[in-house]
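> Need a 3D model of the following:
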Amino acid sequence: MLREPPKGMGLRHDRPVEDERLRVVIAEDSALIREGIARLIEESGGTVIAKVGDGPSFIEAVETHRPDVSVVDVRMPPSQRDEGLRAAIEARRRVPGTPVLVLSQYVEREYATELLADRAGGVGYLLKDRVADVREFMDALRRVARGGTALDPEVVAQLMVPRRTEDPLAVLTPREREVLAAMAEGRTNLGIATLLGISEGATEKHISAIFGKLQLPDTENDHRRVLAVLAYLGS
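Numbering: from 1, shown residues only. Now for the predicted structure:
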């Protein structure tokens, strides 16, 4: 879990998202699912400012409303394949850094990687059949709105299929890889410590070592935690 957004993201992130009602755009072609997500968000304290059913309408809604975060289904008209994911990429191109949480029944590796690769943070990718806890879903939504990541473990696993012979993570120990994998899922330091059965202090030391070994200095434009996750997914 990321506690603060990458510096220089812009948009509406000049105030803590939790301090006001979360402003959300929903892009889902199924009216039943769309209304269900909207009700869940509003009953949890958020405000749904637009509900759309296709990619072009989603892009227009993002440009018009500049939401705190958007929830986007991968499959939308006309082909019911990856229009939603491609629309999310285009929305982030037009409104750099706009936070997007993708909900899908499967992992579309090529476009998911592209969505993560712009270094801006504020990205989530959750599988629909694994989103069962309302609190966890809303936590993920707020985390993405703050500029963090929220990735389903299955998404991480599929994006981690080797694509090149050189492994930039070869310098990391097995434990550091485990910590980095948990970071990719969006876990807090405490969450990582609990998952791995280590102290929070040990977790912090592992994370510091990861930043050092991956040569990720804390710069004005990039958030090291986001960059470490991207390095992990691209390894």
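
> Which of the residues in the helix or strand where residue 102 lies are classified as buried?
Secondary structure from DSSP states H and E places residue 102 in strand 100-104. Using 16 or more other CB atoms under 10 Å as the test for burial, strand 100-104 gives 100, 101, 102, 103, 104. The C-beta positions use only the backbone N, C-alpha and C, and glycine is treated the same way.

> now swap in stretch 179-199 and tell me
For stretch 179-199, using 16+ other CB under 10 Å, the buried residues are 179-189, 191-193, 196, 198.

> Pick out the most distant pair among these.
The span of those, defined through CB to CB, is set by 186 and 198 at 18.3 Å.

> just to revisit the earlier point, any idea how far the strand holding residue 102 is from the middle of the chain?
On the basis of CA atoms, centre = their mean, to the nearest Å, the separation between the geometric centre of strand 100-104 and that of its chain is 8 Å.

> Provide the strand pairings for that strand, with the direction of each partner.
With DSSP bridges as the test, strand 100-104 is paired with strand 69-73 (parallel), strand 123-127 (parallel).

> Buried ones in the next helix or strand after the first one, by neighbour count?
When you say that, I think you mean strand 69-73. Next helix or strand after strand 69-73 toward the C-terminus (DSSP H and E): helix 83-94. Neighbour counts over helix 83-94 (16+ other CB under 10 Å) mark 83, 84, 85, 86, 87, 88, 89, 91, 92 as buried.

> Kindly report the same for stretch 112-126.
Applying 16+ other CB under 10 Å to stretch 112-126 flags 112, 115, 116, 120, 121, 122, 123, 124, 125, 126 as buried.

> from what I can see the last one touches residue 154, true?
Put plainly, it is residue 126. No: counting by CB atoms under 8 Å, residue 126 does not reach residue 154; the two are 9.5 Å apart.

> residue ranges with poor pLDDT in this protein?
Applying pLDDT under 70 to the chain flags residues 1-20, 118-119, 130, 159-167, 217-223, 230, 232-235.

> again, 80 this time
1-20, 78-81, 106-121, 129-132, 154-170, 185-186, 215-235 (pLDDT under 80).

> Tell me how it divides into domains.
By the assignment in automatic domain parsing, the chain contains the domains 17-159, 174-233.

> The chain: strands as residue ranges?
Secondary structure of the chain by DSSP state E: the strands cover 23-27, 47-52, 69-73, 100-104, 123-127, 149-151.

> how about those strands in JSON lines, adding distance to residue 62?
What follows is the strands of the chain, written out as JSON lines (distance: least, CB to CB, whole Å):
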{"stretch": "strand 23-27", "distance to residue 62": "6"}
{"stretch": "strand 47-52", "distance to residue 62": "9"}
{"stretch": "strand 69-73", "distance to residue 62": "6"}
{"stretch": "strand 100-104", "distance to residue 62": "9"}
{"stretch": "strand 123-127", "distance to residue 62": "14"}
{"stretch": "strand 149-151", "distance to residue 62": "19"}
